[in-house]
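Undergrad: Sequence and predicted structure below; questions after.
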Amino acid sequence: MKRLGMFVSAIFLIAICANTKLFAGGDDNPDKKFIKKAVIGGMMEVDLGKYAQQNAASQSVKDFGKMMETDHSKAIDELKSIAQKNNFTVPDKLDEKYMEKVSKLKSQKGADFDKEYMDMMVEDHEKVLDKFQNALDKVQNSELKNWITKTLPTLKNHLAQAKKINDQIASR
């Protein structure tokens, strides 16, 4: 009988641990998923922003790259802080999907880079805005929700600037 009690207790503890992992940071956790994707996307923006500052032909593209580096570096730092408070690990490098995008763009310089980069920035910021809006309904952590709400206007500004620069480049 004692063994049965210990067995039931062990099963109970395993079930609690499994559920705790699921709801407090497991792979299905929407907060953890959002932070991971946002950090990776931000790292790509920083990397390409740095590259744009050195390799773009247009000064407006170089300036946009600097804005991406500055704003997304700040956002990553803020997300890392939220993640740390919630015992989430964040990626420290780009995944394969993003590495392909970065490699493709880094094979170009000058006007060709400007066009591809700004096209990508428009497309990516449209997608990111949609993902951030949707995340507001899914994430649970109030600090993360506040961060998303606070970050949305910056992302909207990025999109507006990217469209403006993209239009200027296309009209040349």
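TA: Cool, got the structure.

Undergrad: Please, which helix or strand holds the nearest residue to Lys85 once chain neighbours are set aside?
TA: Counting by Cβ to Cβ, 6 or more residues apart in numbering, Glu143 is the residue found nearest to Lys85 once chain neighbours are left out, at 7.3 Å. All C-beta atoms are positioned from the backbone trio N, CA, C, and that covers glycine. Element membership of Glu143, judged by DSSP states H and E, is helix 142-170.

Undergrad: What's the end-to-end length of stretch 81-89?
TA: Taking Cα to Cα, to the nearest Å, stretch 81-89 runs 11 Å from one end to the other.

Undergrad: ok, back up a step: go ahead and confirm the residue nearest to Lys85 touches Ala83.
TA: No. Proximity of Glu143 to Ala83 does not meet the contact threshold set by Cβ atoms under 8 Å, at 10.5 Å.

Undergrad: Please say which of those two ends up with more neighbours.
TA: Set side by side, Glu143 and Ala83 show more neighbours around Ala83, with 21 against 14, by other Cβ atoms under 10 Å.

Undergrad: roughly how far apart are Lys97 and Lys50?
TA: Here the criterion is Cβ to Cβ, to the nearest Å. By it, Lys97 lies 20 Å from Lys50.

Undergrad: more crowded one of the two?
TA: In terms of neighbours (other Cβ under 10 Å), Lys50 is the more surrounded of Lys97 and Lys50; the figures are 15 against 9.
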